[in-house]
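Trainee: sequence plus the predicted model coming up.
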Amino acid sequence: MENTRPKRVDIIFLMEGIDPIKVVENAIKKSPDDIILDMIDSGLKGRGGAGFPTGLKWKFTRNEDSYDKYVICNADEGEPGTFKDREILDRVPEKVFAGLAICGYTIGAREGFIYLRGEYNFLLPALNEKLDVFNAGLKKIGLDFTIQMRSGSGAYICGEESALFESMEGKRGEPRNKPPYPTVAGYLGKPTAINNVETLVYAFMIARIGPEKFKEMGTKDSRGSKVFSISGDTPKAGISELELGMSVQQFVDEFGDGDTKAVQVGGASGGCVPRKMFKETIIGYEGIPTGGSMMLFNSSRSMYNVLHDYLEFFTEESCGQCTPCRVGCQQLLKGIEAVKRGEKNPGYLDDLKKLAKTMKVAAKCGLGQSVANPFISIVSNFKEEIIY
Amino acid sequence: MADVQQIIKDVTVVYGKERKALMPILQAVVKTKNYLDDQDLISIAKALDLSAAEVFGTASFYTFLDTVPRGKNVIRVCKTISCHMAGKDEIIHAIEDTLKVKTGQTSVDGKFTLLSANCLGWCHKGPVMLINDKVFPELTAEKAIEILQKYQEED
């Protein structure tokens, strides 16, 4: 894809000629094992950010011996810079429902849930109404599977899968130790396949037309396409579905304002790519992975302010359960403030980087572990802006 | 005054009396009266046969489950980076001036509480605020004040 423009794709929002219930009806003519083989063959990886192969997740859940199993759609989209799941649930909710139903059939679950973040409560009335119709449709085709809505209440951490289960169980949203993984012990301790909103729509598409078309797109490590949430200093803010495998440079050529100095890939918990690395950095699992959040910054922006915002965010959203994250986030924030005020030497930033690296190893969940991504990439590449 | 006992009854009919009904109950109470007081938490604990401390522990974990009194309308202005860059400070100042409150406070007439919030998921259309469950993207200071006036006029 050298020097070409990012290729636009229209899979997720395409609704023309598609009857989701009909797709489910056709999909479940196949055996669960065949559906799993298709998913594995497609190379689809979770679109929430972590990128676990979807087919394997379904296979592991299917292989568990349990009368009760669950499918959950993780719609607790809270990563700063991400808003694609809201758009998907607003525009094509039936495709998400159908993805859940196909997953439910495949792993042997009778109940599915959509955990929607509280900030999106305004979507609830329409979603519930459409769910009633959809659940009735499933009954009609003889699939013993129903979907219900559940709501979050303003906690970013509940997007972490085990914290989400805790929340659904009526507890504080504090992540659990892993293993056991959700495929073994998830919601109510039962085997649970938990998938991102966008992942379920791609799974739906693969079930509908097979894995070939999906496989054709992207690269060896990053198959298919992805919905990007684009914001910041760009004349084209919004949603774009693009084929995977482009470089940050190609992305910036298409979406930048001509003065882009850095792109934050993957939200606050992702990494910051400075201009000098645009060309060599591929957006995908072989380069810099992303749940879809792309924030562009031009040269008028202070990267100190950007990092300060992120650290404030993590300090507030840390669940407080484990010390590396709870204290680490606070100290990183206090640390860059002290350097900025001149109370600490610039060399102190190296100590803070060590702290961030320690959090990466010692924090209990993805939140604390990923604070090092923005911290180290911004401090290393924009040191002058942090100090002066 | 909202009848919390009735809310508990209504929600447990749908979700059962197990602990997994706790979030839906807390959310329903907050939807009706905007916050949970000690008596509400005790009533909920009794209904689900939990300790009041467990219920308070859960409620206090979540930003949207307030355990201190809030105004009739809760305003949450997004303060995260994209909205910050798009000018959320102006919006907050305009609202503070209009309502004569600081962020975190409730107006004297009890109609509004002004809060800031982390990413609300409208980064391409910032600045954005929620009033209760309703979302208002692409704000300007004037637009924000106009919206507040509409809420003022209601009863």
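Mentor: That came through, no problem. Numbering: from 1, shown residues only, chains lettered A, B, ... in the order given.
Trainee: helix or strand for the closest residue to A:Gly49 other than its chain neighbours, which one?
Mentor: Leaving out its chain neighbours, the residue that sits closest to A:Gly49 by CB to CB, 6 or more residues apart in numbering or on different chains is A:Gly291, at 3.2 Å. Placement of C-beta: from N, CA and C, glycine included. Secondary structure from DSSP states H and E places A:Gly291 outside every helix and strand.
Trainee: relative to A:Ala155, how far out is A:Gly291?
Mentor: Distance, A:Gly291 to A:Ala155, by CB to CB, to the nearest Å: 17 Å.
Trainee: for the residue of the stretch 251-388 of chain A found nearest chain B, give me its contacts.
Mentor: Closest to chain B within the stretch 251-388 of chain A is A:Asp309: 4.5 Å, counting by CB to the nearest CB. By CB atoms under 8 Å, 6 or more residues apart in numbering or on different chains, the contact set of A:Asp309 is A:Ala268, B:Thr80, B:Ile81, B:His84.
Trainee: closest one of those to A:Val184?
Mentor: Nearest to A:Val184 among the contacts of A:Asp309 is A:Ala268, at 29.9 Å by CB to CB.
Trainee: against which helices or strands is the lowest-mean-pLDDT helix or strand in chain A packed?
Mentor: Every helix and strand in chain A was compared by mean pLDDT, DSSP states H and E; the lowest is helix A:212-216, with a mean of 93. If you count contacts as 3 or more CB pairs under 8 Å, 6 or more residues apart in numbering or on different chains; DSSP states H and E, helix A:212-216 packs onto helix A:32-42, helix A:197-209.
Trainee: tell me how far the residue of chain B most remote from its centre lies from chain A.
Mentor: The centre of chain B is farthest from one residue, B:Asp49, which by CA atoms, centre = their mean lies 26.5 Å away. Distance, B:Asp49 to chain A, by CB to the nearest CB, to the nearest Å: 12 Å.
Trainee: ok, and the closest non-adjacent residue to that residue?
Mentor: Nearest one to B:Asp49, counting by CB to CB, 6+ apart, is B:Lys17 at 7.5 Å.
Trainee: next one: A:Lys178
Mentor: If the residues on either side of it in the chain are set aside, A:Lys178 comes closest to A:Ser162, at 6.7 Å by CB to CB, 6+ apart.
Trainee: swap in A:Asp38?
Mentor: Leaving aside its chain neighbours, A:Asp38 sits nearest to A:Pro211 (5.0 Å; criterion: CB to CB, 6+ apart).
Trainee: now A:Lys171
Mentor: B:Thr58 (5.9 Å).
Trainee: assumed the one you found was part of a helix.
Mentor: Yes. The assignment for B:Thr58 is a helix, going by DSSP: H, G, I helix; E, B strand; the rest coil.
Trainee: test my guess that it contacts B:Pro24.
Mentor: No. In this structure, B:Thr58 is not within contact of B:Pro24 by CB atoms under 8 Å, at 11.9 Å.
Trainee: which one of those two is surrounded by more residues?
Mentor: Comparing B:Thr58 with B:Pro24 by other CB atoms under 10 Å in any protein chain shown, the one with more neighbours is B:Thr58, at 25 against 19.
Trainee: could you measure from the more buried one over to A:Lys364?
Mentor: B:Thr58 sits 19 Å away from A:Lys364 when distances are taken as CB to CB.
Trainee: sorry, back to before: contacts only, for the residue nearest to A:Lys171.
Mentor: Applying CB under 8 Å, 6+ apart to B:Thr58 gives the contacts A:Gly170, A:Lys171, A:Arg172, B:Leu22, B:Met23, B:Leu26, B:Leu65.
Trainee: and after whichever strand or helix holds the fourth one, which helix or strand comes next?
Mentor: Of the helices and strands defined by DSSP H and E, B:Leu22 is found in helix B:22-33. Scanning forward in sequence from helix B:22-33 by DSSP H and E, the next helix or strand is helix B:38-48.
Trainee: buried set for that following helix?
Mentor: B:Asp40, B:Leu41, B:Ser43, B:Ile44, B:Ala45, B:Ala47, B:Leu48 (16 or more other CB atoms under 10 Å in any protein chain shown).
Trainee: can you check stretch A:223-239 too?
Mentor: Neighbour counts over stretch A:223-239 (16+ other CB under 10 Å) mark A:223-234, A:237-239 as buried.
Trainee: below-threshold pLDDT in the chain: ranges please.
Mentor: Unless you meant another one, I'm taking chain A. Applying pLDDT under 70 to chain A flags the ranges A:1-3.
Trainee: that's the other chain; I wanted chain B
Mentor: B:1-2, B:155.
Trainee: still on that earlier bit, what's the closest of the buried residues of helix B:38-48 to chain A?
Mentor: Using CB to the nearest CB, those come closest to chain A at B:Leu48, 7.9 Å.
Trainee: still on that earlier bit, in the buried residues of stretch A:223-239, find the pair that's most separated.
Mentor: A:Arg223 and A:Asp233 (30.5 Å).
Trainee: and the spatially closest residue to A:Leu116 that is not a sequence neighbour, what is it in contact with?
Mentor: Closest residue to A:Leu116 apart from its sequence neighbours, by CB to CB, 6+ apart: A:Ala75 at 4.5 Å. Residues near A:Ala75 by CB under 8 Å, 6+ apart: A:Asp85, A:Leu89, A:Ile114, A:Tyr115, A:Leu116, A:Arg117, A:Tyr120, A:Val197.
Trainee: verify the stated contact: the last one with A:Cys73.
Mentor: Yes. Judged on CB under 8 Å, A:Val197 makes contact with A:Cys73 at a distance of 5.9 Å.
Trainee: domain-wise, how is chain A divided?
Mentor: Per automatic domain parsing, the domain ranges recorded for chain A read A:20-216, A:225-298, A:303-387.
Trainee: output the ones you listed in CSV, with distance to B:Cys123 appended to each entry.
Mentor: Putting those into CSV (distance: least, CB to CB, whole Å) gives the following:
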stretch, distance to B:Cys123
domain A:20-216, 5
domain A:225-298, 4
domain A:303-387, 12
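Trainee: what parts of chain B come near chain A?
Mentor: Within reach of chain A by CB under 8 Å from any CB of the partner chain, chain B has these residues: B:18-24, B:26-27, B:30, B:48, B:57-58, B:61-65, B:80-82, B:84-85, B:117-126, B:130, B:133-135.
Trainee: longest strand anywhere in chain A?
Mentor: Longest among the strand segments of chain A by residue count, using DSSP state E, is strand A:225-232.
Trainee: where do the domain boundaries of chain B fall?
Mentor: If you go by automatic domain parsing, chain B breaks into B:4-61, B:73-153.
Trainee: the contacts of B:Thr58: which two are farthest apart?
Mentor: By the measure CB to CB, A:Lys171 and B:Leu65 form the most distant pair in the contacts of B:Thr58, at 12.7 Å.
Trainee: returning to that earlier point: is it true that the residue farthest from the centre of chain B touches B:Ala21?
Mentor: No. B:Asp49 is not in contact with B:Ala21 according to CB under 8 Å; the separation is 11.2 Å.
Trainee: how about the residues of the stretch 201-350 of chain A by chain B?
Mentor: A:229-233, A:237-239, A:268, A:293, A:295, A:301, A:305-306, A:309-310, A:313, A:316-317, A:319.
Trainee: run the last query once more with 7 Å
Mentor: A:229-232, A:237-238, A:295, A:301, A:306, A:309, A:313, A:316-317 (CB under 7 Å from any CB of the partner chain).
Trainee: burial count for the closest residue to B:Gly121 other than its chain neighbours?
Mentor: Nearest residue to B:Gly121 in three dimensions, chain neighbours excluded: A:Phe83, at 4.4 Å (CB to CB, 6+ apart). Counted by other CB under 10 Å, the residues lying close to A:Phe83 total 28.
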